[in-house]
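Participant: Sharing a model that was predicted from the sequence below.
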Amino acid sequence: MKLNITHTMKIPPRHAACCLLLLLAGCSRSSTPDGEAISPRPSDAPIARVGDVTISRAAFDQEWKRRADARSKNEVLQEMIQFESLLARARATGADRDPELVTAFQRMVVGRFQEEQLNRRGLDSVQVSEAEIETFFQEHPDRFTTPKQVRLGLIQRKASPKADPARRAQLHQETESLWTQAKQTGEDGFRQLAMKYSDDQATRYAGGDTGWFVPEQTDSRWEPKIVEAVSSLSAPGELAPLVETGSGFHIVKLLGTQQARLRPLSEVRDGIEYQLRLEKAQVLRQQFFQEMRAGLAIEVNQAALDAIPDRALQASTRQPPSLPR
């Protein structure tokens, strides 16, 4: 089972503001008991007090440094006082205890903790050696082999499956005559015939040129009988026997062949390195999650989980809205 700690959550504006107050409050203030005397030493004396919260010299120095655009120290202090005032009022209303806000804050804490811990384990500096890249390349040649491709010249004469038998026979005879002409001419002549007679609009104005494609691909736009005819052709310039399908008659000429080849390591090295980095990072994440779960009592109420309808089931059983009357 995969454990995914990182979540994305949309927080309403009022919750986002409160969440920000919570985060900043821990970094910019320090609480002191009521009535605590302010140290007379200027170097470490609190700068101000808002209710029972003091703004320390360290907190002020940090904010003063962060606010490089501020015009004066007093401007920064007034903003810090305003922040503490708002935080006090927000707490008085219980805004800091809003369940959605608390959950959002917890997710932010977990996200930062996870990032820091994974980086300590080297997630941000995963290394892949040349030996690992070469080994992966040698062990997975099928991933880097380009399949055989062919380029055809095609002349199609369309015939509806519902066409009159006499009309279909006539079209067959005409296409056989056209096939004979294609057999006796060269590539330029074939191109002219395709532009004049072919009914396949995708290739007609390219002189019947189909472009390169992989015959074995199941999503090929060419009908199986045309692909089958290609297998009988071995040399560019050859014509297959006239092909008849439900859509009509086809003259198929082999224009070129590219045999399957193994791409060189230099072409695929970066992709292999990226893949291996991802795999190593995933291993680090899984080890980290296992460490975090170790020693914790974790129980799953499977019956309660199974009682929750799946989203797909909920969608299928949802009733459509009523029509307006």
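Facilitator: On my side now, so go ahead. As the structure is a prediction and not an experimental result, all values here were calculated from the model.
Participant: For residue 209, grab the count of nearby residues.
Facilitator: 20 (other C-beta atoms under 10 Å). Glycine gets a C-beta too; all of them are placed from N, C-alpha and C.
Participant: I'd like the numbering to begin with 222 instead of 1 from here.
Facilitator: Got it, first residue is 222 now, which makes that one residue 430.
Participant: what sits against it?
Facilitator: The neighbours of residue 430, taking C-beta atoms under 8 Å, 6 or more residues apart in numbering as the test, are 372, 373, 374, 412, 424, 476.
Participant: Ok, residue 498 next?
Facilitator: Residue 498 neighbours (C-beta under 8 Å, 6+ apart): 347, 349.
Participant: In three-state terms, how would it be classified?
Facilitator: Secondary structure assignment for residue 498 (DSSP: H, G, I helix; E, B strand; the rest coil): helix.
Participant: roughly how far apart are it and residue 348?
Facilitator: Using C-beta to C-beta, to the nearest Å, one gets 8 Å for the distance from residue 498 to residue 348.
Participant: Can you show me the strands along the stretch 272-421 of the chain?
Facilitator: Listed in chain order, the strands of the stretch 272-421 of the chain (DSSP state E, counting those that start in this stretch) span 274-276, 366-367, 370-379.
Participant: need those in JSON lines with mean pLDDT, can you?
Facilitator: Shown next, in JSON lines, are these (pLDDT from 0 to 100):
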{"stretch": "strand 274-276", "mean pLDDT": "93"}
{"stretch": "strand 366-367", "mean pLDDT": "93"}
{"stretch": "strand 370-379", "mean pLDDT": "94"}
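Participant: and stretch 367-376, how far from the chain's centre?
Facilitator: 32 Å (C-alpha atoms, centre = their mean, to the nearest Å).
Participant: now do stretch 301-309
Facilitator: On C-alpha atoms, centre = their mean, the centre of stretch 301-309 falls 42 Å from the chain's centre.
Participant: That stretch - what's its average pLDDT?
Facilitator: Average pLDDT, stretch 301-309: 94.
Participant: Compute the number of surrounding residues for the closest residue to residue 388 other than its chain neighbours.
Facilitator: Closest residue to residue 388 apart from its sequence neighbours, by C-beta to C-beta, 6 or more residues apart in numbering: residue 380 at 7.6 Å. For residue 380, the neighbour count with other C-beta under 10 Å is 21.
Participant: what's the first-to-last distance across stretch 268-282?
Facilitator: Terminal residues of stretch 268-282 are spaced 10 Å apart (C-alpha to C-alpha, to the nearest Å).
Participant: what comes up buried for that stretch?
Facilitator: Buried positions in stretch 268-282, judged by neighbour count with 16 or more other C-beta atoms under 10 Å: 268, 271, 274, 275, 276, 277, 278, 280, 281.
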